[in-house]
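**Q** I would like the atomic coordinates for the input below:
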Amino acid sequence: MHVAIGDEPMQPWLTTAVRSRLAEPPRRYSAIPKAAMAVVLAAAVIVAAFELPQVLANRHVMNPLPRTLPATTPSATPAPGLVDPSNCRLPVTVERGARPPSQVATQVGFVNTRTGQYTRDASPAVVRLPDGGLQGVMFYSPAVHRWLPTNGGQVSPDGRSYAWVQTLPVGAVYPRYRASKLHVFDLATSADRTLFTYRGSISVWRWDLAGIHAIVGHVNADAPPSTWRLVDPATGSVSRDTMSPTWLWPFLKPLPGDPHNFTSPGRTADGRIIWWMGSLDSPGTPDLVFYETAPGHRVYLYRGVEGAATSFDPELALVDSTGIWFSDADYVLHMKPAIWHWQLGSGLRKYRLAGLPSLFSGSNAYILVRPAGPCF
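**A** Residues are numbered from 1 along each chain as shown. As a prediction, the model looks like this:
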């Protein structure tokens, strides 16, 4: 559902069902004929716009599957130019698992990008913080030095507040709720304010300097289309969001020689979808990572071949003031977890990691490291 548009969320903290799937032997992307790309992508936009935001607002899932996760545009990032990506602390989540037997364990911590050393944060408690059903640690805000039970897109630009959605009746899950409240929680004062109530679903897309971008609509995905709204976080006033169409770039124009397999690890800071074309099952085939400025007009983050020593297979993207951080989709094959960074003018750099927890026993053991906040 997220292949075409992405979502803010988060980043990388999964429920039991998703974790169980991650622990299975790695599943490869199925080939999609190029002639069907536009149909698939357009359908993905429609489904995601109606269904997924409503599900994410409830207790069904914390995040979609990892290869469809969006780039999070985090709040509370230091001013551009003040952070050196090669010498900073990157918040990450570390998930390890194996099957058989089915085992999953998740922890959070920080990577020193200068040395690659991972240090676990043993006390990332988010108790007494409202979460709208998204239970667990999801995002780190350097502004308040706290892990938050929300995704980066819901955090204010200064990193000191976050938006969350409460369903009514309280605790009702999709599709059994009938109304929603959009709240803002102030991390400094612990004050929680209700901005507005809607008889249907509210899904926060992201919070930026313009305000809180949200989708409102009927709870039932078969109901008439949802609409985009811009909410003033200070007053709660709601207006039509005129910026949202720039985030919904639904079509990918295939070019001669493109692989048939494609997915999106996320999007750029200005909302353009990042595409990954490639197949982990097909060494020697093209491996392409890019975004489009117009259909067919590409800016390549990487062009190479699958299986090469420097092949780049992004799983999740997270934007901060230094550029874009990526987790590695090739973690199962090589058992060498790494974080990647792309910066305009500097290109790609791979950060190999040390100090990670040991693997579980089992033939399908893995460790997956994902960026979970801006480097600081």
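**Q** Could you work out the end-to-end span of stretch 142-162 for me?
**A** 13 Å (Cα to Cα, to the nearest Å).
**Q** which stretches of the protein have low pLDDT?
**A** Low-confidence regions of the chain, defined here as pLDDT under 70, cover residues 1-81, 101, 133-135, 221-225, 243-251, 331-335.
**Q** those helices in it, which residues are they?
**A** Residue ranges of the helices in the chain, as given by DSSP state H, are 16-22, 37-50, 52-56, 331-334.
**Q** Walking through the stretch 251-376 of the chain, point out its strands one by one.
**A** 262-267, 273-277, 286-294, 297-305, 314-320, 323-328, 338-343, 347-352, 366-371 (DSSP state E, counting those that start in this stretch).
**Q** Skipping adjacent residues, who's closest to V111 in space?
**A** L90 (4.6 Å; Cβ to Cβ, 6 or more residues apart in numbering). C-beta coordinates here come from the backbone N, C-alpha and C atoms, glycine included.
**Q** Hmm, V108 and that neighbour touching each other?
**A** No: between L90 and V108 no contact is recorded; they are 11.5 Å apart, counting by Cβ atoms under 8 Å.
**Q** With neighbour numbers in mind, choose between those two.
**A** Here L90 and V108 are compared on neighbour count by other Cβ atoms under 10 Å; more neighbours surround L90, at 26 against 23.
**Q** Give me the neighbour count for D270.
**A** D270 has 10 neighbours, counted by other Cβ under 10 Å.
**Q** ditto for L168
**A** 14.
**Q** for H297, same thing?
**A** Counted with other Cβ under 10 Å, residues neighbouring H297 total 10.
**Q** L348 too?
**A** The burial metric for L348, expressed as a neighbour count using other Cβ under 10 Å, is 18.
**Q** May I see the buried residues of stretch 142-156?
**A** In terms of neighbour count (16 or more other Cβ atoms under 10 Å), stretch 142-156 has its buried residues at 142-144, 146-156.
**Q** An error on my part: the question was meant for stretch 282-293.
**A** Buried residues in stretch 282-293, counted by 16+ other Cβ under 10 Å: S282, T285, D287, L288, V289, F290, Y291, E292.
**Q** mind listing what the first one touches?
**A** With contacts defined as Cβ atoms under 8 Å, 6 or more residues apart in numbering, the neighbours of S282 are P259, E306.
**Q** So it versus P265, what's the distance?
**A** Between S282 and P265 the computed distance is 19 Å (Cβ to Cβ, to the nearest Å).
**Q** what do you get for the third one?
**A** In this structure, D287 lies at 13 Å from P265, with Cβ to Cβ as the measure.
**Q** for the last one, same thing?
**A** Spatial separation of E292 from P265 under the definition Cβ to Cβ is 15 Å.
**Q** quick one on the thing from earlier: switch the buried residues of stretch 142-156 over to TSV; also include distance to T167.
**A** Formatted as TSV, the entries for these read as follows, by distance: Cβ to Cβ, whole Å:
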residue	distance to T167
P142	30
A143	28
V144	26
R146	25
W147	23
L148	19
P149	16
T150	15
N151	17
G152	22
G153	19
Q154	15
V155	20
S156	22
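**Q** Strands - which of those land there?
**A** With strands taken from DSSP state E, the overlap with the buried residues of stretch 142-156 comprises R146, W147, L148.
**Q** Return the residues in contact with the first one.
**A** Contacts here follow Cβ under 8 Å, 6+ apart; on that basis R146 touches V126, Y140, L187.
**Q** ok so, going back, closest to V219 out of the buried residues of stretch 142-156?
**A** Ranked by distance to V219 (Cβ to Cβ), these are led by Q154 at 19.8 Å.
**Q** With W164 as the reference, measure out to the closest one.
**A** As judged by Cβ to Cβ, Q154 and W164 stand 7 Å apart.
**Q** Report the set of residues contacting both of those two.
**A** V204.
**Q** ok, G278 to A365 distance?
**A** When G278 is compared with A365 (using Cβ to Cβ), they lie 24 Å apart.
**Q** which of these two has more neighbours?
**A** When G278 is set against A365 and neighbours are counted by other Cβ under 10 Å, the residue ahead is G278, at 27 against 17.
**Q** Give the closest residue to that one in space, chain neighbours not counted.
**A** Leaving aside its chain neighbours, G278 sits nearest to D287 (4.0 Å; criterion: Cβ to Cβ, 6+ apart).
**Q** cool, T322 as well?
**A** P85 (4.0 Å).
**Q** Could you list which residues are in contact with the one you found?
**A** Contacts here follow Cβ under 8 Å, 6+ apart; on that basis P85 touches T113, T322, G323, H341, Q343, R349, C375.
**Q** What of T285?
**A** Taking Cβ under 8 Å, 6+ apart as the definition of contact, the neighbours of T285 are P259, G278, S279, V305, E306.
**Q** Filter these down to the buried ones.
**A** The buried subset of those (16+ other Cβ under 10 Å) comprises P259, G278, S279, E306.
**Q** out of those, who's nearest P130?
**A** Closest approach to P130 among the buried ones among the contacts of T285 (Cβ to Cβ): G278, at 39.9 Å.
**Q** Quick check: the gap between the closest one and V305.
**A** Distance, G278 to V305, using Cβ to Cβ: 9 Å.
**Q** list the residues that contact both of those two?
**A** Contact with both G278 and V305 is made by residues T285, P286, D287, S311, according to Cβ under 8 Å, 6+ apart.
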